[in-house]
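Asks: Quick one, structure for this:
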Amino acid sequence: MLPILVKNVVYHHINNSLLEKKKKFIEHLNPEEINEFLENPDDSTEAFSEFSTLHSEFLVLSRVPINLQQKKTTFSNENRVIEGEENEYRILQHHFTYEGEDYQLEIGSSLSEVNDLTFVIRFFILIVFVVILLITFLADTFYIEYLLKPFYKIIDTKIRRVNEPETFDHTPIKAASRDFRELDFVLNQMMDRIVEVFKKEKQFISNVSHELLTPIALLKNKLENLLQNESLDDNAVDKIAGSLKTLDMLKKIINNLLLISRIDNNQYEANEEINLREVVLDVQEDLEDRIEDREIRFVNTMQEHFIFTGNKTLIHILIYNLVTNAIKYNKPNGDIIIEDGFTEEQYFISVKDSGIGMDESQLERIFSRFARISSDQEGQGLGLAIAQSIASFHHVQIKVESVLNVGTTFTLLFEKAN
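Replies: Model prediction:
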């Protein structure tokens, strides 16, 4: 708006100057002066002009019939040619009657210098505006950075530690803003409640492991003792053996659910250096009998010696469950291929099988608890749920690719190489 304001101020100043000149001309007007302006008074079209040497101003007096509807005094910008030179002028037109004759007085002031000056002023305003905008932007950036420093500190030291309630820092954040102090206070209260719930859940898990597993162990011992009774017939022995198998399955389900709960609650340490190639070799040795029973070819093509920090027991369970899954759902005389490498600065391990594969509906619920690909297979449907929990605990991403009746590939993507 500043250039428009400058333009209006300049025009207002010129208008006042032209009005002042018109007033002086009218006040000193007399018949002799009109005759000096008009050499032929009888000619109604006769006009007389005066202009400065530099063509910065001019004055024109002419006989023009007055239209009653037109304004008495008007201002306009027009181009005029004076002595062959065309310039833009700010022109005052004044219509008046003197001794029964109608006259039109035009007084013009050149706008060339004014336009040059206005351009300079606009350009200067533009430069000042850009400079002020730049200074304001930099000042606001640093000021906002300073102003929001407590907020970023709250995010870094408080909110990002929600997954680790026991290590939460309750130290109040120093902040000049009352809003940030209130936010910090509310977060501390919220984390106190979370820590309390977290402790209760850990206590519940401990109680469950004792209250459920102890009766199962007692029942198992009693049933095993009954099997030693020689008076039992074959039918009773089969029923007791079936009951023992059911108890073993129940015990395994409870242990798996407790394992998932402990992982999700960060109850495991993750401070061991783990060589993934060694882990895969250990898993291969553990499952060697099952692999041979299914006549499956196990091909380990791992080339990298990738080492990262985590919980070795949990990583062993993760790889073990993926390989077990590949054995369980593989075809007779099928293949299991273990590969590793780096892609997009991430280390990966893939477990590929030539099994029954999965369709899209099965892929959507593959990591759900108690979800099984095939009802014909034994298991509780917790293996991949445990694998997902362990991967999340170690910030490892699991990708699954599968084609029905062709095979499935599980890929573990690790954040970075150590």
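
Asks: what are the ranges of the strands in the stretch 201-350 of the chain?
Replies: Using DSSP state E, counting those that start in this stretch, the strands found in the stretch 201-350 of the chain span residues 272-275, 297-300, 307-310, 335-343, 346-353.

Asks: Return the most buried member of the ones you listed.
Replies: By mean neighbour count, with neighbours taken as mean count of other CB atoms under 10 Å, strand 346-353 ranks first of these at a mean of 20. Every residue, glycine included, has its C-beta placed from N, CA and C.

Asks: Go through the following helix or strand past that one and flag the buried ones.
Replies: Proceeding N to C from strand 346-353, the next assigned helix or strand is helix 360-364, under DSSP states H and E. Using 16 or more other CB atoms under 10 Å as the test for burial, helix 360-364 gives Gln362.

Asks: For helix 360-364, name the packing helices and strands.
Replies: Using 3 or more CB pairs under 8 Å, 6 or more residues apart in numbering; DSSP states H and E, the elements in contact with helix 360-364 are strand 397-403.

Asks: any idea how far the strand it packs on is from the chain center?
Replies: Distance, stretch centre to chain centre, for strand 397-403: 27 Å (CA atoms, centre = their mean, to the nearest Å).

Asks: What of stretch 337-356?
Replies: 31 Å.

Asks: Kindly format the C-alpha coordinates of that stretch as CSV.
Replies: C-alpha atoms of stretch 337-356 as CSV (Å, rounded to 0.1, in the frame of the first residue of the first chain):
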residue,chain,number,x,y,z
ILE,A,337,17.5,-70.5,1.6
ILE,A,338,19.1,-68.0,4.0
GLU,A,339,20.6,-64.9,2.4
ASP,A,340,22.0,-61.6,3.7
GLY,A,341,23.5,-58.4,2.4
PHE,A,342,23.1,-54.6,2.3
THR,A,343,20.4,-52.6,0.6
GLU,A,344,19.9,-48.9,0.8
GLU,A,345,22.4,-48.8,3.7
GLN,A,346,20.4,-51.4,5.6
TYR,A,347,21.6,-54.9,6.5
PHE,A,348,19.0,-57.6,5.7
ILE,A,349,18.6,-61.3,6.3
SER,A,350,16.0,-63.2,4.3
VAL,A,351,14.5,-66.7,5.0
LYS,A,352,13.0,-68.1,1.8
ASP,A,353,11.0,-71.3,1.5
SER,A,354,9.4,-73.2,-1.4
GLY,A,355,6.3,-74.0,0.6
ILE,A,356,2.6,-73.6,0.2
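
Asks: Give me the contacts around that stretch.
Replies: If you take CB atoms under 8 Å, 6 or more residues apart in numbering as the criterion, stretch 337-356 is touched by 276-277, 280, 298-304, 306, 308, 319, 322-323, 326-327, 329-331, 334-336, 373-374, 404-417.

Asks: Separate out the buried members of these.
Replies: 276-277, 280, 298, 302, 306, 308, 319, 322-323, 326-327, 329-330, 334-336, 373, 407-414.

Asks: Return the subset of those lying in helices.
Replies: Using DSSP state H, the members of these that fall in helices are Leu276, Arg277, Val280, Ile319, Leu322, Val323, Ala326, Ile327.

Asks: Just give me the longest strand of this structure.
Replies: Across the chain, the longest stretch assigned as strand under DSSP state E is strand 85-98.

Asks: residues making contact with the helix or strand just after it?
Replies: Using DSSP H and E, the helix or strand that follows strand 85-98 in sequence is strand 101-110. For strand 101-110, contacts defined as CB under 8 Å, 6+ apart pick out 14, 17-18, 21-22, 25-26, 34, 55-66, 78, 80, 87-97.

Asks: which regions of the stretch 301-418 of the chain lie under the pLDDT threshold?
Replies: Counting by pLDDT under 70, the stretch 301-418 of the chain has low-confidence residues at 371-380, 416-418.

Asks: which residues are contacting stretch 115-130?
Replies: If you take CB under 8 Å, 6+ apart as the criterion, stretch 115-130 is touched by Leu2, Pro3, Val6, Lys7, Val10, Glu88.

Asks: Buried residues in that stretch, which are they?
Replies: Neighbour counts using 16+ other CB under 10 Å place Thr118, Ile121 of stretch 115-130 among the buried residues.

Asks: Now that stretch - C-alpha only, CSV.
Replies: What follows is stretch 115-130, C-alpha atoms only, in CSV (Å, rounded to 0.1, in the frame of the first residue of the first chain):
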residue,chain,number,x,y,z
ASN,A,115,7.1,10.1,-11.8
ASP,A,116,10.9,9.8,-11.6
LEU,A,117,10.8,10.7,-7.9
THR,A,118,7.8,8.4,-7.3
PHE,A,119,9.7,5.5,-9.0
VAL,A,120,12.8,6.2,-6.8
ILE,A,121,10.6,6.2,-3.7
ARG,A,122,8.8,3.0,-4.7
PHE,A,123,12.1,1.3,-5.5
PHE,A,124,13.5,2.5,-2.2
ILE,A,125,10.4,1.3,-0.4
LEU,A,126,10.7,-2.1,-2.1
ILE,A,127,14.3,-2.5,-1.0
VAL,A,128,13.5,-1.4,2.5
PHE,A,129,10.5,-3.9,2.6
VAL,A,130,12.7,-6.8,1.4
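
Asks: Return the distance of it from the chain's centre.
Replies: 40 Å.

Asks: Buried subset of the contacts of strand 101-110 as a PyMOL selection?
Replies: The PyMOL command for the buried members of the contacts of strand 101-110 (criterion: 16+ other CB under 10 Å) is given here:
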select buried, resi 14+18+21+22+34+55+57+58+59+60+61+62+63+64+80+87+89+90+91+92+93+94+95
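
Asks: The nearest residue to Glu78 once chain neighbours are set aside and Val10: what is the separation?
Replies: Leaving aside its chain neighbours, Glu78 sits nearest to Ile91 (5.5 Å; criterion: CB to CB, 6 or more residues apart in numbering). To Val10, Ile91 is 15 Å away according to CB to CB, to the nearest Å.

Asks: What is the burial count for Met1?
Replies: Per other CB atoms under 10 Å, the neighbour tally for Met1 reads 5.
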